[in-house]
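Student: Fold the following.
(2 chains)
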Amino acid sequence: MYYVKRALHDKKFMIMLCITIAFVLLTIFAGAIAPHDPIAQNYDAILQPPSREYPFGTDAVGRCLLSRLLYGGKTSLVIAIVVTLLMAVIGVVIGMVSGYFGGIVDTILMRVTDMLLAFPHIVFVIAIVAVLGTGTRNLILAMTVISWTMFARVTRSLVITIKKEDYVEQARLSGASKPAIMFRYIVPNVIPYLIVLITQDIGSNLLTLASLSLLGLGSQPPTPEWGFMLSEGKRYMQTAPWMLIFPGMVILICVIIFNLLGDSLRDILDPRGITKREGTSFLARLLSRRDRKEKEEHEEEMA
Amino acid sequence: MSLLEVKNLTISYGGGAPAAKDVTFSLEPGRILSIVGESGSGKSTVIRGILGLLSGNGQITGGEILFDGKDLRKLSKRQMQKLRGEDIAMIFQDAGLAMDPIQTIGRQFVEYIQTHKDLSNSAAKDLAKEWLLRMNLNDPQRVMESYPFELSGGMKQRAAIAMAMAQNPKLLLADEPTSALDVTVQAQVVYELQKLTEQYDTAIIMVTHNMGVASYLSHDILVMKTGEVVEYGSREQVIFQPQSDYTKMLLAAVPKLERPEEELRGEHERNEELLAVKNVVKEFAAHHKKQKGVVAVNGAEFSLFKGECLGIVGESGCGKSTLARMIIGSYPPTEGEITLQGKQFADMRAKEQKNFRRHVQMVFQNPISSFSPRMTIGDYLYEPLKNYEKMSRSRARERIEKYMTAVGLPMEFLGRHPHELSGGQLQRVVIARAALLEPDLIVCDEATSALDVSIQNQVADMLVDLQRQWHLSYMFIGHDLALVRQVSHRIIVMYRGEIVEVMNSKDLTTDAAHPYTQVLLEAVFDVYEDREERRKLLERNANDSREDVPGCKFAPRCRYATERCREEDPKLREIGEEHFAACHRLAGLTAAEGGAGPETGK
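Tutor: Residues are numbered from 1 along each chain as shown, chains lettered A, B, ... in the order given. I've put the predicted structure just below:
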């Protein structure tokens, strides 16, 4: 309850949350909002600049870019978010176990992690998709299997540090069981550090997805997908820049919003404000400075 | 004209209320000014302001700083940079943190010299060595080749002072230069600082919370409280005729070794043995095959009786914390046994071990790190009751209220988070939780060291009160003899892993026999003591050798050491009534004089 209250009072967080929800709603109700069928080709309107009919313009086969972006959100966002959540959960659990229990468990888990880290990610994903075949589910599987490693590593080192804190020792003295120590003392103190990392990964997953689509391993044309639209647009950069600009903008906005959302979420989860200084993204800093300035100006006015 | 004149200096952080307000003082060459006050009084802010080293959003909002007639606030960045280090140098509380951990002392020193002076490498090295020697570091070549982690805290602090002094600055700013050090080392650093002013006419501004040190060292004292100057005057005025209540309070709060008889803890009736430590050894294995393992505790043997408070003193690294951790069952001893009410932790099954834990509680040094930042005080206090007694929240509340009242805190605190409380309040909560389960033994590991002096006293008094009320047993570990004496019935003195003396605390000042205990006693600065006497003591105890000898570990530092001491390790033996010491000399004396008390420190 305490954190919900804090969240409700955090203006920055609420704004970011609203935008995120808006994005999600737009993709869910794409069918109702989109002006055109996203795969219907119209050869009378090839490579048209934005107009009233086609607000974001059309592509090389005359499909409405706006509609494609709206529909594409479903594939892109769903895959990116699901993959990120899956790998965060797997990575955090493995990192926790590894860091908390140590010894042989730690050695085995960390060597597996090292093995996976030794492969270039994209090559590994390509290999898996090539074996399993394309499709949303296989794509999610392939990306998750390879990318939890970083979370495991980071979580493990955080857990090892926190494990040595006096308050963990205190908890042990007051009779807390091992799972209790793990979930009530260590996890809540690890999560705020990880949240930024996790939200940033949504962005990078969007981009991975884009490169996979380009290789023909992601979603198959004509299914709309942001990353694929972006790479298609590259070919027409000079003649039809809108094909590049709009998908690019959408991806950019998404990445930024998830970053900022993570930033403010972390601040909310950290009542003491110790994690705030380190690792805050440039944008968040810029924003908070603006906040402060406005506040100061406001105070001056009041005076 | 004065060397430094500060007029109406006002500093604030981020446009908020000033952290230092209207601070005015002046300083002549060769004189020492102490700025004293408790944490949050703005004392560090003032000296950082002088150097232009305010952190983050700190800003000087008013006043003048005249150094040698120049207004420091009007100097350009480059001029300030030249001034820093050359004319004004600074030393910090923890020299270890102020040094680069991956460079040798020598490299850092040479680089520091060369940024200010146009000297060749070898000339700079010679200068560095010269200063290290002057700071009583007898093997400058070895110090120069060492990395910071290889030196002890005292050596690092002395190396830092040497670095600061190598430019012959006119003014040295010292921010709590002795607070992180052991009492014996503190005494040595104080002595070095004093000699500096005499030999080189350096003026020193020292920030400290130790009134004893301030009283000994300074010519003038400035007392600060929440950013404001409460009192400013010569040392004699401030110490002997304090005007403000705050200064009086600070002076009264200084832990005193000498106390009236009725304030001392008498002997405790020793009926029921609660804790027995028998020949306990703890060795930490080395990380590399080439290194030797570290023996943290070597052959400790003592017992603690029900309702007793046992004090353990010794400098850092003497094994007192390791002992505490073994007693609470954090790790097993390498050899020997620790039994609580006849049961050994190591023999117990997991379930029993869990039950054992409820009978031994611990209070840690740093109250802030004892709390998970994400839990409320209420959750923290409820935890043990939930786990051990399976109490519901509403029933637990009653019990919690009783203990919160006992430690003098309101129940409103239950809903707060740790960062909303002060260090002293937090430590009270920790103590309340330790007592909550009515344990057999509470181990306090430096429980008051991280607190302000006035709070220290309150917490210590509270511990004594609680003990009388509930017949608790404590093991009170500390490095401050005066404070340990205030709380404990008996005192154990440890040196480098070994128990060197055990005695009743009421006899501490009169009967302390082991040379190390005497050194410890002599290292406590008293506010009103005679400065000439103190000076003699400092000179006498300047030796800080940690050389390894097969015999008594203290022998290299001991002023009575003989050939035998260096070769044969003395055993702990009875030298008086309920008084044990490990020293050949004392054993010899008692044998010769038929058990009469040996020569004492006073």
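
Student: count of neighbours near residue 248?
Tutor: Since you didn't name a chain, this refers to chain A. Neighbours of residue A:248 under the rule other C-beta atoms under 10 Å in any protein chain shown: 16. No exception for glycine: its C-beta is placed from N, CA and C like everyone else's.

Student: ah, I was thinking of chain B
Tutor: Counted with other C-beta under 10 Å, residues neighbouring residue B:248 total 12.

Student: Does it touch residue B:242 like I think?
Tutor: Yes - the pair residue B:248 / residue B:242 is scored as a contact, 5.0 Å apart, by C-beta atoms under 8 Å.

Student: So for stretch B:104-121, what gets flagged as buried?
Tutor: By 16 or more other C-beta atoms under 10 Å in any protein chain shown, the buried positions in stretch B:104-121 come out as B:104-110, B:112-113, B:116.

Student: swap that for stretch A:116-124, please
Tutor: For stretch A:116-124, burial by neighbour count (16+ other C-beta under 10 Å) applies to A:116, A:121, A:124.

Student: Looking at those residues, spot the one nearest chain B.
Tutor: Nearest to chain B among the buried residues of stretch A:116-124, counting by C-beta to the nearest C-beta, is residue A:116 at 28.4 Å.

Student: Let me know the secondary structure of the closest one.
Tutor: helix (DSSP: H, G, I helix; E, B strand; the rest coil).

Student: For the residue lying closest to it once chain neighbours are set aside, the count of nearby residues, please.
Tutor: Spatial nearest neighbour of residue A:116, excluding adjacent residues (C-beta to C-beta, 6 or more residues apart in numbering or on different chains): residue A:149 at 4.9 Å. Using other C-beta under 10 Å, residue A:149 has 24 neighbouring residues.

Student: looking at it, residue A:149 is touching residue A:110, isn't it?
Tutor: No - between residue A:149 and residue A:110 there is no contact under C-beta under 8 Å: 9.8 Å.

Student: where are the low-confidence patches of the stretch 51-200 of chain A?
Tutor: Filtered on pLDDT under 70, the stretch 51-200 of chain A yields no residues whatsoever.

Student: So which residues on it come close to chain B?
Tutor: Within reach of chain B by C-beta under 8 Å from any C-beta of the partner chain, the stretch 51-200 of chain A has these residues: A:165-167, A:169-177, A:180, A:184-185, A:188-189.

Student: Spatially central, which residue of chain A would that be?
Tutor: Per C-alpha atoms, centre = their mean, the C-alpha nearest to the average position across chain A is that of residue A:202, at 1.6 Å.

Student: Which pLDDT value goes with that one?
Tutor: At residue A:202, the predicted lDDT confidence score is 84.

Student: quick one: residue B:310 is in a strand?
Tutor: Yes - if the criterion is three-state DSSP, then residue B:310 is within a strand.

Student: Which stretches in the stretch 501-602 of chain B count as strands?
Tutor: B:573-576, B:579-581 (DSSP state E, counting those that start in this stretch).

Student: Distance-wise, check residue A:165 relative to residue B:367.
Tutor: Here the criterion is C-beta to C-beta, to the nearest Å. By it, residue A:165 lies 13 Å from residue B:367.

Student: Residue B:68 too?
Tutor: 44 Å.

Student: ditto for residue A:63
Tutor: 65 Å.

Student: Looking only at neighbour counts, state which of those two leads.
Tutor: The residue with more neighbours, out of residue A:63 and residue B:367, is residue B:367; 26 against 23, by other C-beta under 10 Å.

Student: That one - nearest residue in space that isn't next to it in sequence?
Tutor: Closest residue to residue B:367 apart from its sequence neighbours, by C-beta to C-beta, 6+ apart: residue B:426 at 3.7 Å.

Student: isn't the one you found right up against residue B:373?
Tutor: No - Residue B:426 is beyond contact range of residue B:373, at 11.5 Å (criterion: C-beta under 8 Å).

Student: which helices and strands does whichever strand or helix holds residue B:295 pack with?
Tutor: If you go by DSSP states H and E, residue B:295 is part of strand B:294-305. Judged by 3 or more C-beta pairs under 8 Å, 6 or more residues apart in numbering or on different chains; DSSP states H and E, strand B:294-305 is in contact with strand B:273-284, helix B:320-327, strand B:335-340, strand B:498-504.

Student: So which of those is nearest chain A?
Tutor: helix B:320-327 (8.7 Å).

Student: Output that closest one as CSV, nothing but the C-alphas.
Tutor: Provided in CSV are the C-alpha atoms of helix B:320-327 (Å, rounded to 0.1, in the frame of the first residue of the first chain):
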residue,chain,number,x,y,z
LYS,B,320,36.7,-8.9,19.4
SER,B,321,34.2,-8.9,16.6
THR,B,322,35.2,-12.3,15.4
LEU,B,323,34.6,-13.6,18.9
ALA,B,324,31.1,-12.0,18.9
ARG,B,325,30.2,-13.6,15.6
MET,B,326,31.3,-17.0,16.9
ILE,B,327,29.1,-16.5,20.0
